[in-house]
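Undergrad: dropping a prediction and its sequence here:
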2 protein chains.
Amino acid sequence: MAPDAQRPEPSPSQQRRDRERAEARATILAAARDLARTEGWDAVSMRRLADRIGYSANFAYRYFKGRDDILLAFVRDGFARLADAMSAAGGSLEAATAAYLDFALDEPDLYQVMYGLGGVRVPAAATEDEGAGVGAVIAGILGVTDPYDDRIARLWATAHGLAALHAIGKLPVDRAHLHKLLSASVADLTRGTSNPRGATS
Amino acid sequence: MAPDAQRPEPSPSQQRRDRERAEARATILAAARDLARTEGWDAVSMRRLADRIGYSANFAYRYFKGRDDILLAFVRDGFARLADAMSAAGGSLEAATAAYLDFALDEPDLYQVMYGLGGVRVPAAATEDEGAGVGAVIAGILGVTDPYDDRIARLWATAHGLAALHAIGKLPVDRAHLHKLLSASVADLTRGTSNPRGATS
């Protein structure tokens, strides 16, 4: 089967429809994010979104299957942006994990929906893939291929645990202190695994 | 003011009322736990509970202010039992943290409501105190007084992160593997903080 040769260029009218679709989705997502920020994710319903952008609920249903589909778009966007922020952080384990923590603290509403925290019910779609991109950044720094490498899982658990406990009010310390805790764990893990007996060379 | 002298012994009828009250609360909580186990916490409502135990909703309201009050009872009971399990584990950091992880894996429905995981909305009551007993067990082992000591916060974050990521399907490894990850972090933390330069004595 000849690959791309059989796929025609989109017509100008198809291109226009694609652009309109992307714009409509972006408008709906922006309204959802605003609602979530001001009133929490519970307030995000197809009816409320349609009211907010001045269209009928049918308009919103033309672009999203429902509320879960909208939340899933945020989950995917959130993990992609988190991986980007970690990639852009400079290539050290310490900087990448610090970028993870900053993302969680700067975008608490997104982090809630990415991890189903604080009463937010996330869509039941396969959620494993959504975290793999984050693992891949750390895997690249560590020079391993498995995004579920033990050291990655431990760093992820510590960073997520700090962010999640803080988000629900169980770890009442400030941002600098959270960074200090994460940084100490990164240092211990690096020292511990590279030097399992604790001996200097 | 003379203390206990002024407080009369409860009368036999008061004692009977206290006992009946305790029994009614236990019956309602057992029904709630059953419902949560089989249908999830969303199914736990005053109406469903009353139906289940064959009384009117008014009966349930005589013993609990509402659904949140019932969830709060589980949060308190959960943290108390978690602290007990950790205390009973034998006095080492490794055993106490392993007991934490086992509790989270053995009682996933309780752990969900204790930490507001997976769409469970926990009551907005002060939640800090509920974790302090858990921190106190680790503080005792480490010989410190602050239940929010940095090492305790880091261990808690790692153990909670492992349990929470696993609970929502983002860390698809088995129980033995979760224990291995936690145990490695405990070892690194102990080595790292007791021996900050990684040098042997």
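TA: Yep, that arrived. Predicted, not measured: the structure shown is a model, and the values here were computed from it.
Undergrad: and the lengthiest helix in chain A, does that touch chain B?
TA: Secondary structure assigned by DSSP state H gives helix A:12-39 as the longest helix of chain A. No - against chain B, helix A:12-39 shows no contacts by Cβ under 8 Å from any Cβ of the partner chain, the least distance being 14.5 Å. All C-beta atoms are positioned from the backbone trio N, CA, C, and that covers glycine.
Undergrad: in that helix, what's buried?
TA: A:24, A:25, A:27, A:28, A:29, A:31, A:32, A:33, A:35, A:36 (16 or more other Cβ atoms under 10 Å in any protein chain shown).
Undergrad: go on, stretch A:98-110?
TA: With burial defined by 16+ other Cβ under 10 Å, the residues of stretch A:98-110 counted as buried are A:98, A:99, A:100, A:101, A:102, A:103, A:104, A:105, A:107, A:109, A:110.
Undergrad: now, the most widely separated pair of these?
TA: Farthest pair in those (Cβ to Cβ) is A:98 and A:109. Separation: 20.7 Å.
Undergrad: would you confirm that residue A:50 contacts residue A:59?
TA: Yes - here residue A:50 reaches residue A:59: they are 6.1 Å apart, a contact under Cβ atoms under 8 Å.
Undergrad: now find how far off-centre the helix or strand bottoming out on mean pLDDT in chain A is within its chain.
TA: Every helix and strand in chain A was compared by mean pLDDT, DSSP states H and E; the lowest is helix A:128-142, with a mean of 85. Mean C-alpha position of helix A:128-142 versus that of the full chain (Cα atoms, centre = their mean, to the nearest Å) differs by 12 Å.
Undergrad: show me what that helix is packed against.
TA: Helix A:128-142 makes packing contacts with helix A:67-87, helix A:93-106, helix A:150-167 when contacts are defined by 3 or more Cβ pairs under 8 Å, 6 or more residues apart in numbering or on different chains; DSSP states H and E.
Undergrad: dump those to a markdown table, plus mean pLDDT and distance to residue A:115.
TA: A markdown table is the format used below for the helices and strands packed on helix A:128-142 (pLDDT from 0 to 100; distance: least, Cβ to Cβ, whole Å):
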| stretch | mean pLDDT | distance to residue A:115 |
| --- | --- | --- |
| helix A:67-87 | 93 | 9 |
| helix A:93-106 | 97 | 9 |
| helix A:150-167 | 94 | 7 |
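Undergrad: deepest of the ones you listed, which one?
TA: Burial of the helices and strands packed on helix A:128-142 is given as mean neighbour count (mean count of other Cβ atoms under 10 Å in any protein chain shown); helix A:150-167 ranks first at a mean of 25.
Undergrad: any idea of the angle it forms with helix B:128-142?
TA: Angle, helix A:150-167 to helix B:128-142, by axes from the mean of the first three to the mean of the last three Cα atoms, to 10 degrees: 130 degrees.
Undergrad: C-terminal to helix A:150-167, what's the next element?
TA: Moving toward the C-terminus from helix A:150-167, the next helix or strand (DSSP states H and E) is helix A:175-194.
Undergrad: tell me the angle of that next one relative to helix A:93-106?
TA: Counting by the same axes, to 10 degrees, helix A:175-194 lies at 150 degrees to helix A:93-106.
Undergrad: show me the contact partners of helix A:175-194.
TA: Under the criterion Cβ atoms under 8 Å, 6 or more residues apart in numbering or on different chains, residues A:93-94, A:97-98, A:101, A:105, A:151, A:154-155, A:158-159, A:162-163, A:166, A:171, A:173, A:198, B:150, B:153-154, B:157-158, B:184-185, B:187-189, B:191-193, B:198 lie in contact with helix A:175-194.
Undergrad: could you dump that helix to PDB, C-alpha only?
TA: The C-alpha coordinates for helix A:175-194 follow below in PDB (Å, rounded to 0.1, in the frame of the first residue of the first chain):
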ATOM      1  CA  ARG A 175       7.300  26.200  48.800                       C
ATOM      2  CA  ALA A 176      11.000  26.600  49.700                       C
ATOM      3  CA  HIS A 177      10.700  23.900  52.400                       C
ATOM      4  CA  LEU A 178       9.000  21.500  49.900                       C
ATOM      5  CA  HIS A 179      11.900  22.100  47.500                       C
ATOM      6  CA  LYS A 180      14.400  21.500  50.300                       C
ATOM      7  CA  LEU A 181      12.700  18.200  51.100                       C
ATOM      8  CA  LEU A 182      12.700  17.000  47.500                       C
ATOM      9  CA  SER A 183      16.200  18.100  46.900                       C
ATOM     10  CA  ALA A 184      17.400  16.100  49.900                       C
ATOM     11  CA  SER A 185      15.700  13.000  48.600                       C
ATOM     12  CA  VAL A 186      17.200  13.500  45.100                       C
ATOM     13  CA  ALA A 187      20.700  13.800  46.700                       C
ATOM     14  CA  ASP A 188      20.200  10.800  48.900                       C
ATOM     15  CA  LEU A 189      18.900   8.700  46.000                       C
ATOM     16  CA  THR A 190      21.800   9.700  43.800                       C
ATOM     17  CA  ARG A 191      24.400   9.100  46.500                       C
ATOM     18  CA  GLY A 192      22.700   5.900  47.700                       C
ATOM     19  CA  THR A 193      22.300   4.200  44.300                       C
ATOM     20  CA  SER A 194      25.500   5.200  42.800                       C
END
